[in-house]
Structures are given as C-alpha cells and as structure tokens.
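> I would like to see how this sequence folds:
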Amino acid sequence: MLNFVKSLAETILSFYFILKLSNFKIEIKKIKKRYQEIIVLGNGPSLKKDLQENRVSFENCDTLCVNNFAASELYVLIKPSIYVFMDSVYWENAILEDMRQQVEATFKQITDKTDWPLTIFFPYQAKGAKRLKLLNNSMIQIIYVNAVPVTGFQAVRVFFYKRNLGMPPAQNVMVAALYIALNLGYKKLFLLGADHSWHKNLELDAKNTVCFIDHHFYDKEEATLIPVYKGTADNSTFTMRELFSAMALMFKGYEMIEQYACSLQSKIYNLSSITYIDAFERREGKS
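As a prediction, this is how the structure comes out:
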C-alpha cells in the first residue's frame, strides 16, 4: 500500500512538472541514423584502457559522447555523430569562473574540430542561452529535449518517455544519453567508460568538506582533490549523506532506463571493464 501511494504521488508530480516545464512540440527522431546500433561513451578513466585493448569496434555503429569528450584526441578519430549535454553549467550565465573557462574551451574545441555532421542535444531549458552561440559551425545541429524527471507508475513513465515529454531522473548525463539513444530508435546500445567509481575517491578535508578526485580518461595531468559542489554559481558543497542520496537516485535512473529499453525491445550492454552500474547486462565486447 505504501509503495502504491508513493508511486501515485510521484505520478501526479510528474504530470504537474510536464504541464509546467515540457515543450509538447519537441520531436527527437528527426535526425538521420546511419546504423541501428550505437556506442555510448562515458568519460570514465577505464575508457582509455578499454579502447587500447580494442574492447570494442566502432565499425557499423553510430557513436554518442558527452560533456568534455571533445578535449580528447579521440574526438577527431572517432567522429561521434551525437553529443549530449545535460548539466546546467554548460548554458547558465552565473557559474564559477573556472567552470566557465572549461565550458567555453569545450565549445571552442567542438566548433574548431568538427568537420562531420554532428547533432548536439541540450535540455529545453538551455534554448536561447548566449553561450550556445559559441557552437558556430555549419556541421552542427542543435536539438532540445524535455529533461523533466518523470517517475511513478511504470506504464505512465513509458507513455511520457515515448512521447519525449520527460525522462528518468538524469542525475548523471549518461542517463539522458541512453534515453535519447533509445528514443532515436537504436535497438542495441553499447556503454563504455561508465566507471561511476567516484565513491572510491571521496575524502573529507580538514574543514570536514566532502571532496573527491575526479578522474577522466583524457586527463593530461594528475587529477587533484576538489570539493564536491552542489551547484554552479557558488561554493556550497554536498554533505556525505546528500551525496550518497544523489548517487542512489542516479542508479535508480539507470534501472528505469533498463525497464524502458525492455518496453521498446531494445537492449543495453555495459562493456566497461570497470563499472558500478548493475542495471545492464555486462559484456566484454559487442559480439
């Protein structure tokens, strides 16, 4: 009974936020796919090793990347056809200066390096943001998606997901990336670089601030210990309880994505050699 009441409340809230925040005219199936399979690349440190060991072939697959992937040399070698941004740091004006510099550097790299057709997805809330004008390249198409978190009864969730009116809570960009790939019609999705091992690098500094070492596969310098910031505009940080609660929500999002994939008769395989995502079937390679 308690679970029913909770699901009912979440469903009602999802209705409310869709009516308030979603754009009912959004359609994300208009881009041209080359293949029916897609490789979804995270930026976890395992990606470098997995690619060096030829864990996956990029032949006969489209490729999707996220966040600061363009900072790596792999960007021009792999030539991903889809790029996904979900974090508001990429379009909000009031952000910390070091974040602004990193975001603008990423956008410049995308603009300067991209000489192939690329579709970039942003949440609808990013539409009209001045910073997106930095993506000034005729090869780039920008599409907006409804990133409204939809929870509650599974049948209701699937109804809204299929119509692009909302998605599972995207506590991590990879949740949104998988959702977008599913709604583009891909039947097999292969996940790489999805370590999600941040909890292993958590520490408390002398002031009791929760910090972590944020490793990426493209890091050229040794990653340093930094605070785990809540937002983008100030220095407020997570408590340990808040951080693990957020992680729990993230992993719940993956479970919802797996349920959605099953409803579409699609399949997600996690090829990452190091990973803490248990929602998807593990494989060592595509075949």
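> now Ala181: how far from Ile110?
In this structure, Ala181 and Ile110 are separated by 19 Å, where distance is defined by C-beta to C-beta, to the nearest Å. Every C-beta, even on glycine, is put in place using the N, C-alpha and C of the backbone.
> ok, now Glu92?
Distance of Glu92 to Ile110, given as C-beta to C-beta: 18 Å.
> do the same with Lys25
When distances are taken as C-beta to C-beta, Lys25 and Ile110 turn out to be 26 Å apart.
> Settle it for me: which of those two has more neighbours?
Relative neighbour count places Ile110 above the other of Lys25 and Ile110, with 22 against 6, counting by other C-beta atoms under 10 Å.
> and the residue nearest to that one when sequence neighbours are not counted, what does it touch?
Nearest residue to Ile110 in three dimensions, chain neighbours excluded: Ala70, at 4.7 Å (C-beta to C-beta, 6 or more residues apart in numbering). Applying C-beta atoms under 8 Å, 6 or more residues apart in numbering to Ala70 gives the contacts Tyr83, Thr106, Gln109, Ile110, Lys113.
> Pass me the low-pLDDT residue ranges in the stretch 151-287 of the chain, would you?
Residues of the stretch 151-287 of the chain meeting the criterion pLDDT under 70: 220, 222-223, 232-234, 287.
> Quick one: the strands in it, in order.
Under the criterion DSSP state E, counting those that start in this stretch, strands of the stretch 151-287 of the chain are mapped to 188-192, 202-204, 210-213, 225-227, 267-270, 281-282.
> In TSV: those strands, plus mean neighbour count and distance to Tyr254.
Supplementary listing: those in TSV, determined by neighbours: other C-beta atoms under 10 Å; distance: least, C-beta to C-beta, whole Å:
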stretch	mean neighbour count	distance to Tyr254
strand 188-192	23	10
strand 202-204	12	20
strand 210-213	17	20
strand 225-227	14	25
strand 267-270	20	9
strand 281-282	11	12
